[in-house]
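Participant: Turn this into a structure:
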Amino acid sequence: MCLLCDDEKAYQAYMNYLDKMERQGKAADPNVAVNAVLDEIEAAAKAAAKKNVMQDDPANDKTLSPFFCSPINK
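Facilitator: Numbering: from 1, shown residues only. All right, here's what the predicted structure looks like:
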């Protein structure tokens, strides 16, 4: 649990997972809960990275001035 306690978002996701399992009437296995939370955080990080790559692409930049020399796509 020390890994999750150091990270506020991970700890919050862990507590949300435990609450969700409790509302469903299921007993949450701590090992399964940690793995599920870490998978969820990893998926969110990958989605954010993919979004940032698309935003940083000069071809997607709609604010470029016509006087700005952008790379030519061949």
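Participant: residue boundaries of the helices in the protein?
Facilitator: Assigned by DSSP state H, the helices in the chain fall at 2-5, 8-23, 30-56.
Participant: Just say which of the ones you listed is most tucked in.
Facilitator: With neighbours defined as mean count of other Cβ atoms under 10 Å, those peak in mean count at helix 8-23, which reaches a mean of 14. Where you see a C-beta, it was placed from the backbone N, CA and C, and this is true even at glycine.
Participant: how about the CA coordinates for that helix, as CSV?
Facilitator: The C-alpha coordinates for helix 8-23 follow below in CSV (Å, rounded to 0.1, in the frame of the first residue of the first chain):
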residue,chain,number,x,y,z
GLU,A,8,-2.6,11.1,-4.2
LYS,A,9,-4.3,10.1,-7.4
ALA,A,10,-3.5,6.5,-7.0
TYR,A,11,-4.7,6.5,-3.4
GLN,A,12,-8.0,8.2,-4.4
ALA,A,13,-8.5,5.7,-7.3
TYR,A,14,-7.9,2.8,-4.8
MET,A,15,-10.4,4.2,-2.3
ASN,A,16,-13.0,4.7,-5.1
TYR,A,17,-12.4,1.1,-6.3
LEU,A,18,-13.0,-0.2,-2.7
ASP,A,19,-16.1,1.9,-2.4
LYS,A,20,-17.5,0.6,-5.7
MET,A,21,-16.8,-3.0,-4.7
GLU,A,22,-18.5,-2.4,-1.3
ARG,A,23,-21.6,-0.9,-3.0
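Participant: now it against helix 30-56, angle please.
Facilitator: Orientation note: helix 8-23 sits at an angle of 130 degrees relative to helix 30-56 (axes from the mean of the first three to the mean of the last three Cα atoms, to 10 degrees).
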